[in-house]
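Asker: Any chance you can model this:
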Amino acid sequence: MTYAQTEVQPEGAGTEENPFQIATLDNLHWLTQNFIYWGKHYIQTADIDAIETSAWDNGQGFLPIGNDNHRFSGVYDGQNHVISNLCFY
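Answerer: Take a look at the predicted model:
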């Protein structure tokens, strides 16, 4: 089965006072695709089951956040939530 990869910008402004709120796999996917925001603030507001990522990008999975050209330099507070079943490059 193939799952569509959908980017949905999370609520929030990315500031310390108003961080982006990662609530869904679509929000997390938005983060991977928008490196210009990798220096911002994030909070995770729910547990995320990422089982769909095993079928993403022709079976390669989830694209990591951060790379040699653009490092993640932001703040990500998981607030004791989990991301389960994540398959990545």
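Asker: tell me which strands and helices the helix or strand bottoming out on mean pLDDT in the chain is in contact with?
Answerer: When each helix and strand of the chain is scored by mean pLDDT, DSSP states H and E, helix 25-33 comes last, with a mean of 95. When contacts are defined as 3 or more CB pairs under 8 Å, 6 or more residues apart in numbering; DSSP states H and E, helix 25-33 sits against strand 20-22, strand 48-49. The way it works is simple: take the backbone N, C-alpha and C, and place the C-beta from them, glycine included.
Asker: Quick check: buried residues in the first one?
Answerer: I take that to be strand 20-22. The neighbour-count check on strand 20-22 (16 or more other CB atoms under 10 Å) flags 20, 22 as buried.
Asker: cool, stretch 60-75 as well?
Answerer: Those buried within stretch 60-75 under the rule 16+ other CB under 10 Å are 61, 62, 63, 65, 72, 74.
Asker: Surely residue 68 is within a helix?
Answerer: No - assigned with DSSP: H, G, I helix; E, B strand; the rest coil, residue 68 falls outside any helix and is coil.
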